[in-house]
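Enquirer: Just to be clear, the model below is a prediction. Sequence and coordinates:
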Amino acid sequence: MLAVKDLLLVRGKKTILQIDEFKLNQGDRVALIGPNGAGKSTFLKTLALLEKPTAGSVFFRGQLVNNINTLSFRRRMAVVFQEPLLLNTTVYNNVAQGLKFRSVERADIDRRVNYWLKKLGITDLSNRTPLHLSGGEAQRVNLARAFVLEPEVVFLDEPFSALDFPTRVDLLEKLGELLTNTATTALFVTHDFMEIPYLTDNVAVIDGGSVVHRGGVREIMKGSVAIPAVRRLLRPYQKSAMMREYMG
């Protein structure tokens, strides 16, 4: 569905991304992990056609992305960021906004918005404004705003990292359910290994702007991936396991 070849992104004199090849197939759910500053969010934005690479090619469903077709391809995707960035209007209008931009008929907008408000358990919030939402409620609105577009690919950039643990788990479970039921292709950036099993077992590791490993999270957690970046990421969890053993 999505692929890059010989991708290079340079800012100033610094190389941010240098990726020979990467593919996201139809129905894939991939967790993108890596140390801080590795290029995870930049790579997500590049795949989502929000950031233009310095060189190389991006393909969507086999077609080369160019200046002419970028907008039409971007409208077949949705992005969920850590900060919901909701408009200062009602929850209903926030969820409906993307459909209005796409000139969807009013009756269809109403049907789709109400469906996703109900699906995410926020129907009773439809007339509230963002100022009166909790963090978890705002992210439910953010998810509804993405899924109402019926995207072929959804990109999620650490959407729940700022939330408390019970709320985060609740939303991870809901997101996993939505991705399964809609068969939506997804790329999920996270810094927390514990979030990954709620959504997928498929992991890509990025370090220094390059994809250095792709495989299952289970083999990483078992310590069987002999890549320095992976071992550095795993170290805090190994320490946590040692502490649990010590305590108990």
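Expert: All right, it came through fine.
Enquirer: which stretches of the chain have low pLDDT?
Expert: 223, 236-248 (pLDDT under 70).
Enquirer: which residues in it form helices?
Expert: Using DSSP state H, the helices of the chain run over residues 40-47, 70-74, 91-101, 106-119, 135-147, 165-182, 217-221, 228-247.
Enquirer: Adding distance to residue 29 and mean neighbour count, write those helices out as a markdown table.
Expert: C-beta here means a position set from N, CA and C on the backbone, and glycine is covered the same way. Converted to a markdown table, the helices of the chain look like this (distance: least, Cβ to Cβ, whole Å; neighbours: other Cβ atoms under 10 Å):
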| stretch | distance to residue 29 | mean neighbour count |
| --- | --- | --- |
| helix 40-47 | 14 | 22 |
| helix 70-74 | 20 | 14 |
| helix 91-101 | 22 | 20 |
| helix 106-119 | 19 | 16 |
| helix 135-147 | 14 | 23 |
| helix 165-182 | 6 | 16 |
| helix 217-221 | 12 | 17 |
| helix 228-247 | 19 | 12 |
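Enquirer: Which one of these lies nearest to residue 24?
Expert: helix 40-47 (7.0 Å; Cβ to Cβ).
Enquirer: For that closest one, output the C-alpha coordinates as CSV.
Expert: C-alpha atoms of helix 40-47 as CSV (Å, rounded to 0.1, in the frame of the first residue of the first chain):
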residue,chain,number,x,y,z
LYS,A,40,10.2,8.2,14.2
SER,A,41,7.8,11.2,14.0
THR,A,42,9.5,12.6,10.9
PHE,A,43,9.2,9.2,9.2
LEU,A,44,5.6,9.0,10.1
LYS,A,45,4.9,12.5,8.7
THR,A,46,6.8,11.6,5.5
LEU,A,47,4.7,8.5,5.0
